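Peer 1: structure of the sequence below:
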Amino acid sequence: VREIGTRRPPDGAGSVQVQMDPSVSIGTAKCFAIYGKGGIGKSTTSSNLSAAFAKLGKRVLQIGCDPKHDSTFTLTKKMLPTVIDVLETVNFH
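Peer 2: Sure, this is the predicted structure:
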C-alpha cells in the first residue's frame, strides 16, 4: 500500500519492458526486445514468451546476450554460448 502523498515512479520504471519493433522487417517474423534494469525478470519473461509461442506452433529464435546465460539456460538447461561469447571468439570489436 502506497502512502498518501508519495509519487509513483514513471510508467515502466523498474519493470520489464517488452517492445515489438515495427521498423524491423525479416519476412513475416515478429521481432521483440525485452529490456529493463537488472534483476526484474527479463530472462524469465523472454523464456516464458518463447515457450508460449512455441506451444502455439510458432517458430521461435531467442537470442541471448546476457553474460550469465540466464535466458538460454532457462530453456535448455545447458550453458550455450551467448552472442557476446561468439563475437569474442572472432575478435569482434
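Peer 1: going forward, measure contacts between C-alpha atoms and count neighbours the same way
Peer 2: Will do.
Peer 1: helices of the protein, start to end?
Peer 2: With helices called from DSSP state H, the chain shows them at 42-55, 70-76, 83-89.
Peer 1: once you drop chain neighbours, what's closest to the residue nearest to the spatial centre of the chain?
Peer 2: In the chain, the C-alpha nearest the mean C-alpha coordinate belongs to residue 34, at 3.7 Å (CA atoms, centre = their mean). Sequence neighbours aside, residue 18 is the residue nearest to residue 34 in space, at 4.7 Å (criterion: CA to CA, 6 or more residues apart in numbering).
Peer 1: got the contact list for the one you found?
Peer 2: For residue 18, the contacting residues are 32-35, taking CA atoms under 8 Å, 6 or more residues apart in numbering as the criterion.
Peer 1: again, but for residue 27
Peer 2: Taking CA under 8 Å, 6+ apart, we find residue 27 in contact with no residue.
Peer 1: on the pLDDT front, check it for me.
Peer 2: In this model, residue 27 is scored at 83, pLDDT.
Peer 1: same question, residue 65
Peer 2: Residue 65 is assigned 74 on the pLDDT scale.
Peer 1: that one and residue 28, how far apart?
Peer 2: According to CA to CA, to the nearest Å, residue 65 stands 24 Å off from residue 28.
Peer 1: ok, those two, which is more surrounded?
Peer 2: The residue with more neighbours, out of residue 65 and residue 28 and counting by other CA atoms under 10 Å, is residue 65; that gives 15 against 6.
Peer 1: the more buried one and residue 86 touch, don't they?
Peer 2: No - Residue 65 is beyond contact range of residue 86, at 10.1 Å (criterion: CA atoms under 8 Å).
Peer 1: how much space between the closest residue to residue 44 other than its chain neighbours and residue 91?
Peer 2: Counting by CA to CA, 6+ apart, residue 71 is the residue found nearest to residue 44 once chain neighbours are left out, at 6.6 Å. The span separating residue 71 from residue 91 equals 24 Å under the rule CA to CA.
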